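Visitor: can you look at this prediction? I've put the sequence above it.
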Amino acid sequence: MARPTAFASLFGHSPFKPMQEHIGIVVECASEVPLLFEALCEGDQQKVATAKDRIFELEEKADGIKNQLRAHLPKSLLLPVDRRDLLEVLDLQDSIADSAQDAGINIKAVTPDYGAWNTALTTGTFDMTLNNWAGLSNTPWTLYNLLFVHPIMEIM
């Protein structure tokens with residue numbers, strides 16, 4: 001096995017292949033979120049659990065690659081890009097997988113008794129409720145998106 005020369009040791013192994021592998025898993029993880037919400041809208045708890053488990057599995061795999069990359073990212077003098085920039089991109093990529101995982105935590109469709117729901121709504125003793133009394137949307141996801149990811153949020 002050939003030993004690297006002193007000059008060659010100034011160059012680290014390219015971090016781009018692991019970065020590409022990481023984003024591939026992140027994309028796969030994020031693509032599970034619509035399946036999670038479709039299953040939720042159908043009221044199919046088995047599909048919800050399967051999608052949630054898949055999201056968690058992929059997010060854990062992405063975290064493993066991220067941690068491995070951070071631990072072995074060369075500190076040599078000659079990287080093709082700045083090390084801080086690579087770590088920032090890695091963190092941004094990972095935040096996508098983390099958000100997908102957050103969407104799946106303790107998610108389940110519940111259709112409560114109307115009287116109990118109305119009492120909880122008027123007394124403020126509920127975790128979260130999405131109602132569509134104004135007919136703004138036809139799915140819980142688009143209603144949530146309309147309410148919480150509205151352009152007014154930039155002003156607030």
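Guide: Here it is on my side, so go on.

Visitor: please compute how far the longest helix along the chain lies from its chain's middle.
Guide: In the chain, with assignment by DSSP state H, the single longest helix is helix 45-72. Relative to the chain's own centre, helix 45-72 is displaced by 9 Å; criterion: CA atoms, centre = their mean, to the nearest Å.

Visitor: show residues contacting the following helix or strand past it.
Guide: Toward the C-terminal end, the helix or strand that comes next after helix 45-72 (DSSP states H and E) is helix 83-104. Applying CB atoms under 8 Å, 6 or more residues apart in numbering, the contact partners of helix 83-104 are 15, 19, 22-23, 25-26, 29-30, 32-33, 36-37, 51-52, 55-56, 58-59, 62-63, 66, 69-70, 73-75, 79. C-beta here means a position set from N, CA and C on the backbone, and glycine is covered the same way.

Visitor: and the end-to-end length of stretch 134-143?
Guide: 11 Å (CA to CA, to the nearest Å).

Visitor: re earlier: drop anything exposed from the contacts of helix 83-104.
Guide: 15, 19, 22-23, 25-26, 29-30, 32-33, 36-37, 51-52, 55-56, 58-59, 62-63, 66, 69, 73, 79 (16 or more other CB atoms under 10 Å).

Visitor: one step back: now the longest helix of the chain and helix 83-104, what's the angle there?
Guide: 160 degrees (axes from the mean of the first three to the mean of the last three CA atoms, to 10 degrees).

Visitor: elements contacting helix 45-72?
Guide: helix 16-30, helix 32-42, helix 83-104 (3 or more CB pairs under 8 Å, 6 or more residues apart in numbering; DSSP states H and E).

Visitor: okay, the angle between that helix and helix 16-30?
Guide: Interaxial angle, helix 45-72 versus helix 16-30 (the same axes, to 10 degrees): 160 degrees.

Visitor: and helix 45-72, average pLDDT?
Guide: Here helix 45-72 scores 90 as its mean pLDDT.

Visitor: got it, and stretch 117-128?
Guide: On average, stretch 117-128 scores 83.

Visitor: got the CA coordinates for it in CSV?
Guide: Presented in CSV, the C-alpha positions along stretch 117-128 are these (Å, rounded to 0.1, in the frame of the first residue of the first chain):
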residue,chain,number,x,y,z
TRP,A,117,-64.3,19.2,22.1
ASN,A,118,-66.4,22.3,22.2
THR,A,119,-66.0,22.6,26.0
ALA,A,120,-62.2,22.1,25.6
LEU,A,121,-62.2,24.8,22.9
THR,A,122,-64.1,27.3,24.9
THR,A,123,-62.2,26.7,28.1
GLY,A,124,-58.8,26.6,26.4
THR,A,125,-57.9,23.1,27.7
PHE,A,126,-56.8,21.6,24.4
ASP,A,127,-53.4,20.9,22.8
MET,A,128,-54.3,21.9,19.3
